[in-house]
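Visitor: structure, please.
(2 chains)
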Amino acid sequence: MANRSSKLGRLYIIIVFLLLYIPIVYLILYSFSKGTTMTNFNGFTLTHYGELFADKRMLAIFLDTILIALLSSTFSTIIGTMGALAVNNTKRRHQRETLLSLNNILLVSPDVIIGASFLIFFTALKVPLGFWSVLLSHIAFEIPIVLLMVLPRLDEMSPSLINAANDLGATTGQTLSRIVLPVIQPGIIAGFFMAITYSLDDFAVTFFVTGNGFSTLSVEIYSRARQGISLEINALAGIMFIFSLILVVVYYFIENHNASKLKKQDKLEVTGK
Amino acid sequence: MRRSFKTMFYTPYMLWLVLFVISPVALIVYYSFFNIHHQFTFSNYQEFFSSGTYLTMTANSVLYAFLITLFSILISYPMALVISKLKHRDLWILLVILPTWINLLLKAYAFIGLLSHDGLVNNIFQFFGLPVQHMLFTDASFILVAAYIQIPFMILPIYNSMTDISESYIKASRDLGATNWQTLTKIIIPLTMPGIKSGIQIVFIPSLSLFMLSRLIGGNKVITLGTAVEEHFLTTMNWGMGSTIGVVLIISMVIVMLLTTTKRNRRRS
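Guide: Okay, the predicted model is just below:
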C-alpha cells in the first residue's frame, strides 16, 4: 500500500516537473530552429544567435542591464547591511518589530504599486527618468531582501565576541571590520546574490520608471513580445538561461562552502573540548 | 565620538526608509485626492465606488487572483508532500527553484508560442483528435500562465513547513492506528498551515497586479487592478485615478496580510 502510494507520488512529481520545464525547453529549443515562428521545428541553425550578437541595440541593453544589476546590488548590499546592524542594535522589542515591518513593505507590495509610487516620487523630485531613476529604484527594492539575509547571521552572533573586542580596547571601527563583518559575511554574500537576481528579474518597477530611451532586458523583451514572436528572443532566452544556471551554481557553491566551513568549525570546537 | 560614528552609519538606511518606503506610500495616498487638473477632490473615490466598470474590475481581479492561488495550492501541496519524503530532497527542491531564476517575461513569451493556434498544445489536442482551440488571449490562459509562474513560490513555503514537522508526530499517529489519510488531514495539514498561509501571501498579492501577463497572454480582455494602474499612469496619464486604484490595491494587500499572518502568541500557546 505504502509502496503503491509512493509510486503514485513519484509519477505525480515527474508530471509536474515536466510541466514546469516544458515551456523553458520549448523556448530554448526553438532558438535553434530555422524559420521564424515557434510552431514547427525546421532543422538546426545558429542564425538567431548570430542575429542576436550582431544586434547593437540588444548588446547595449544587455550591458546596461548587467551594469544596473551590479551597481544596484553593491549599493543595496552596503545599505542593507547597515540596516541589519541598525535593527540588530535596537534596544526595545517593539522598535525592532516596527523597523522590520517598515523594511518588509517593499517586499510584499505589488510591483505596480512600487513602480507607480516611485514614478510619482521621481517626478516630484524632478529626477529625470532613465538610468538614474532605474538605478535608484533597483537599489531601493533590493535593500529589504539584503537586510533579511544578513539579520539572521547577526542574531546568531554571540554578544560576548563584541564585548571581548571592546574589553580588549578595539574601536567601533575595528570591532566592525575585524569581528562583525567576517562573522556575517556569508549573509552578505547571499544578500548580494539575491539582490542581483531581483534586479535581473524585475520588470514592472523598471517599466514604470524607465521613461523613453533607457531600457533593460525585461522591458525590451516585453515590448518585442507584444509585437509577436521573434526567434531572436528565444536565442536571448537560451543565453539568459545559461547565465542564470551559472549564477545558481556559483551561489550554491558559496553556500555549501560556507556550510562545510561552519561544520568544520563545529567539529573543531567539539574536539577542542 | 562613538555616537557620531553610529549615526553616520545608520543614516543611509534611515534615509532609505523615509525616502523610498514611507514617502512613496504617502505620495500615492496624496495623489489619489487629486483629479487630472490637479485640484483637490474626492471624486476619484466617488467614481471608483459608484462606477460599475471599476467595481466589476475589482471583483474580477480578486476572482482571478483567488483562482490562481487555489490552483497553485492544489498542485503545490502534493508536490511539496512528495518531495519532502524523497531521499535527495534538497536536490529536488533546487529543481523547483531553478525556473524562478528565469525571467518572468521569457516564461510568458514561451506560452505565447505554446498556446498559439499551431502551437504545441494544439498539436497535442489534434493528436488526441480534439478540435483546435483558440487559447491565447482568454482568461483561462491568463490563469494557467499565472499559476504556472506562481507554483514554485507556493511549493517553497509549504515544503519548508513540512520539513519542520518532527518525524515523531507522524510515527505517533501511525502507532495510534491512524490511516495515511487521517495522518494527512489531522497532523500534516494543520502543522503546515503557516506554510500554506505564507504561500497565499506570496502568490495572491502579486496575482492582483500581473499587468504584463494580462497584456501578453490575456490580450486586452483580462483587466486587473494592476492593468488599470498601469493604464492610468502610463497611457491616460490620469495619475489621480491611478493612485486611487493603487490605494485600493494597498488596502486589499493589508487585508490579505491580516488574514494570513499567524499570530505568534497563539502559536506559542
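Visitor: dead centre of chain B: give me the residue that sits there.
Guide: B:Val203 (2.4 Å; C-alpha atoms, centre = their mean).
Visitor: skipping adjacent residues, who's closest to it in space?
Guide: B:Gln150 (4.5 Å; C-beta to C-beta, 6 or more residues apart in numbering or on different chains). For glycine as for every other residue, the C-beta is placed from the backbone atoms N, C-alpha and C.
Visitor: about what we covered before: so what pLDDT did the residue nearest to the centre of chain B get?
Guide: Turning to B:Val203, the model gives it a pLDDT of 92.
Visitor: now do B:Val21
Guide: pLDDT at B:Val21 comes out at 92.
Visitor: how about the contacts made by the closest residue to it other than its chain neighbours?
Guide: Leaving aside its sequence neighbours, B:Val21 sits nearest to A:Ile105 (C-beta to C-beta, 6+ apart; 5.3 Å). Shown in contact with A:Ile105 (C-beta atoms under 8 Å, 6 or more residues apart in numbering or on different chains): A:Pro144, B:Val21, B:Val25.
Visitor: and the closest residue to B:Leu98 other than its chain neighbours, what element?
Guide: Spatial nearest neighbour of B:Leu98, chain neighbours left out: A:Val248 (6.4 Å); criterion: C-beta to C-beta, 6+ apart. Following DSSP states H and E, one finds A:Val248 within helix A:231-272.
Visitor: and the residue of the stretch 101-250 of chain B closest to chain A?
Guide: At 3.0 Å from chain A, B:Gly113 is the closest residue in the stretch 101-250 of chain B, using C-beta to the nearest C-beta.
Visitor: where does that residue fall, secondary structure wise?
Guide: With DSSP H and E as criterion, B:Gly113 is part of helix B:104-114.
Visitor: what do you get for A:Phe118?
Guide: Assessed by DSSP H and E, A:Phe118 sits inside helix A:111-124.
Visitor: tell me the helices and strands packed up against that helix.
Guide: With contacts defined as 3 or more C-beta pairs under 8 Å, 6 or more residues apart in numbering or on different chains; DSSP states H and E, the packing partners of helix A:111-124 are helix A:131-156, helix A:204-209, helix B:23-31, helix B:225-230, helix B:239-260.
Visitor: to B:Asp164, which of the ones you listed lies closest?
Guide: Closest of these to B:Asp164 is helix A:131-156, at 15.7 Å (criterion: C-beta to C-beta).
Visitor: ok, and does the closest one reach over to chain B?
Guide: Yes: residues of helix A:131-156 contacting chain B under C-beta under 8 Å from any C-beta of the partner chain: A:Leu136, A:Ala140, A:Ile143.
Visitor: next, the angle helix B:23-31 makes with that helix.
Guide: 120 degrees (axes from the mean of the first three to the mean of the last three C-alpha atoms, to 10 degrees).
Visitor: output the contacting helices and strands for helix A:131-156.
Guide: helix A:56-89, helix A:93-108, helix A:111-124, helix A:181-201, helix A:204-209, helix B:2-16.
Visitor: helix or strand right after that helix?
Guide: helix A:159-167.
Visitor: buried stuff in that next one?
Guide: Going by neighbour count (16 or more other C-beta atoms under 10 Å in any protein chain shown), the buried part of helix A:159-167 is A:Ile162, A:Ala165.
Visitor: ditto for stretch A:219-233
Guide: Applying 16+ other C-beta under 10 Å to stretch A:219-233 flags A:Val219, A:Glu220, A:Ile221, A:Tyr222, A:Arg224, A:Ala225, A:Ile229, A:Ser230, A:Leu231, A:Glu232, A:Ile233 as buried.
Visitor: same check on stretch B:7-23?
Guide: Here stretch B:7-23 shows B:Phe9, B:Tyr10, B:Pro12, B:Tyr13, B:Trp16, B:Leu17, B:Phe20, B:Val21, B:Ser23 as buried, counting by 16+ other C-beta under 10 Å.
Visitor: before we move on, what about stretch A:69-78?
Guide: Buried residues in stretch A:69-78, counted by 16+ other C-beta under 10 Å: A:Ala69, A:Ser72, A:Ser73, A:Phe75, A:Ser76, A:Thr77, A:Ile78.
Visitor: show me which of those neighbour chain B.
Guide: Applying C-beta under 8 Å from any C-beta to the buried residues of stretch A:69-78, one finds that A:Ile78 fall near chain B.
Visitor: in a markdown table: the buried residues of stretch A:69-78, plus distance to A:Lys91 and pLDDT.
Guide: Shown next, in a markdown table, are the buried residues of stretch A:69-78 (distance: C-beta to C-beta, whole Å; pLDDT from 0 to 100):
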| residue | distance to A:Lys91 | pLDDT |
| --- | --- | --- |
| A:Ala69 | 36 | 94 |
| A:Ser72 | 32 | 97 |
| A:Ser73 | 31 | 96 |
| A:Phe75 | 28 | 96 |
| A:Ser76 | 26 | 96 |
| A:Thr77 | 26 | 96 |
| A:Ile78 | 24 | 94 |
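Visitor: distance to B:Arg89 for the buried residues of stretch A:69-78 - can I get that in a markdown table?
Guide: Below are the buried residues of stretch A:69-78 laid out as a markdown table (distance: C-beta to C-beta, whole Å):
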| residue | distance to B:Arg89 |
| --- | --- |
| A:Ala69 | 31 |
| A:Ser72 | 34 |
| A:Ser73 | 30 |
| A:Phe75 | 36 |
| A:Ser76 | 32 |
| A:Thr77 | 30 |
| A:Ile78 | 35 |
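Visitor: so which of the buried residues of stretch A:69-78 comes closest to A:Phe131?
Guide: Comparing the buried residues of stretch A:69-78 against A:Phe131 with C-beta to C-beta places A:Ser72 closest, at 11.1 Å.
Visitor: who's in contact with the spatially most central residue of chain A?
Guide: For chain A, the residue nearest the mean C-alpha position is A:Thr197 (2.2 Å; C-alpha atoms, centre = their mean). Taking C-beta under 8 Å, 6+ apart, we find A:Thr197 in contact with A:Ser244, A:Leu247, B:Trp101.
Visitor: what residues of stretch B:135-155 count as buried?
Guide: Buried, per 16+ other C-beta under 10 Å, within stretch B:135-155: B:135-139, B:141-155.
Visitor: same thing with stretch B:181-191?
Guide: For stretch B:181-191, using 16+ other C-beta under 10 Å, the buried residues are B:Thr183, B:Ile187, B:Ile188, B:Leu191.
Visitor: spatially nearest residue to the last one (excluding sequence neighbours)?
Guide: Spelled out, it's B:Leu191. Spatial nearest neighbour of B:Leu191, excluding adjacent residues (C-beta to C-beta, 6+ apart): B:Ile165 at 5.1 Å.
Visitor: tell me the one among the buried residues of stretch A:69-78 nearest to chain B.
Guide: Among the buried residues of stretch A:69-78, A:Ile78 lies closest to chain B (C-beta to the nearest C-beta), at 7.6 Å.
Visitor: any idea how far the closest one lies from B:Ile188?
Guide: 43 Å (C-beta to C-beta, to the nearest Å).
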